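[1] Coordinates for the following, if possible.
(one chain, ligands or ions: 1)
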Amino acid sequence: MPGTVLVVEDDRELRELVRRYLQRAGHLVHTTGSGAEAVGLLAGGGVDLVVLDLGLPDIDGHDVLAVARTDRDVPVVILTARSGVEDRIDGLRRGADDYVTKPFSPTELVLRVEAVLHRARGGNGAGEVVTFGGRLRVDEARHEVRLDGAVLDLTPTEWGLLTALATTPGRVYSRYELINQVRGYEFAGYERTVDSHVKNLRRKLGPDGARIVETVLGVGYRLGWSRDQ
Ligand code: CA
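    Purely as a prediction, here's the structure:
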């Protein structure tokens, strides 16, 4: 269910990163670094969702939010550098459908965009729910992973790693690929950092951790359980 997404972000590098990930997921993407131009594009119609940076150089991002939500009834996912709970609540109160705090994983942003699109199109609100091996349940819209019915408390990085691996069960992902999927543009660490996140993720997955997230020696990791029909 691809959509037409307008990305409003004045940081060119970040804007292009978001564009790339959304396009890879099959969406048609328009981009701009200007709030005024965004308002113009919204007036033109045909936009299914806006990814909106609140800190824009020309007009207040909240004004773009108001135009999208109030005038055009287009769903909005906010990108915010502010991590304060108050700011998130404020954004949601003003009508944003979801928000992602910078720095964020592009994979997570795409999942959130798709969950909001799904809801906006009259989905049941539960979004895509996929199970693996009959026991592991990934609920994208709720941003929730359950194993044998119990919710796992994952960090954003662990969530990103698991959902990246779950995209294609059985496919081997190199550490480098996983870094790109999970941490995106801001990652400046070492590939071995992936190993420590995998170690934590496996611990949370319990006794089957190393079978769910399998090591492929010399290559990387893969999801060892297959997707249920
Ligand atoms: Ca900005």
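
[2] partner residues bridging Arg146?
    Each beta-bridge partner of Arg146 is listed here: Arg137, Val151, as defined by DSSP bridges.

[3] Can you verify my assumption that it contacts Leu162?
    No - with the criterion set as C-beta atoms under 8 Å, Arg146 and Leu162 do not qualify as a contacting pair; they are 11.8 Å apart. Every residue, glycine included, has its C-beta placed from N, CA and C.

[4] ok, those two, which is more surrounded?
    A count of neighbours by other C-beta atoms under 10 Å puts Leu162 above the other of Arg146 and Leu162, at 24 against 16.

[5] Could you check the pLDDT of that one?
    Leu162 carries a pLDDT value of 93.

[6] Now do the buried residues in the helix or strand hosting it.
    Leu162 belongs to helix 156-167 when assigned by DSSP states H and E. When neighbours are counted by 16 or more other C-beta atoms under 10 Å, the buried residues of helix 156-167 are found to be Pro156, Thr157, Glu158, Trp159, Gly160, Leu161, Leu162, Thr163, Ala164, Leu165, Ala166.

[7] got it, and stretch 192-199?
    Val194, His197, Val198.

[8] Return the closest of these with respect to Arg94.
    His197 (33.9 Å; C-beta to C-beta).

[9] Arg12 contacts Gly33, doesn't it?
    Yes - with contact defined as C-beta under 8 Å, Arg12 and Gly33 form a contacting pair (6.7 Å).

[10] So for these two, which residue has more residues nearby?
    Set Arg12 next to Gly33 and count neighbours by other C-beta under 10 Å: Gly33 wins out with 18 against 10.

[11] For the more buried one, give me the backbone phi and psi.
    The phi and psi torsions at Gly33 (degrees, to the nearest 10) take the values phi -100, psi 0.

[12] Read off the pLDDT value for Asp98.
    Model confidence at Asp98, expressed as pLDDT, equals 83.

[13] Quick check: bridge partners of it?
    Under the criterion DSSP bridges, Asp98 forms beta bridges with Val77.

[14] returning to what we had before: export the buried residues of stretch 192-199 to JSON lines and tack on distance to the ion?
    Conversion of these to JSON lines gives the following (distance: C-beta to the ion, whole Å):
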{"residue": "Val194", "distance to the ion": "29"}
{"residue": "His197", "distance to the ion": "28"}
{"residue": "Val198", "distance to the ion": "33"}
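
[15] Adding secondary structure and pLDDT, write those out as CSV.
    Written out in CSV, the entries for the buried residues of stretch 192-199 read as follows (DSSP: H, G, I helix; E, B strand; the rest coil; pLDDT from 0 to 100):
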residue, secondary structure, pLDDT
Val194, helix, 85
His197, helix, 89
Val198, helix, 94
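
[16] pLDDT weak spots in the protein?
    When residues are selected by pLDDT under 70, those of the chain lie in 1, 82-85, 87-89, 122-127, 180-190.

[17] rerun at 80
    Low-confidence regions of the chain, defined here as pLDDT under 80, cover residues 1, 80-95, 118-128, 140-142, 156, 176-177, 179-192, 229.

[18] in stretch 16-24, what's buried?
    Under the neighbour-count rule (16+ other C-beta under 10 Å), stretch 16-24 has Leu17, Val18, Arg19, Tyr21, Leu22 buried.

[19] How about the contacts made by the fourth one?
    Contacts for Tyr21 were tallied using C-beta atoms under 8 Å, 6 or more residues apart in numbering; they are Pro106, Thr107, Leu109, Val110, Gly184.
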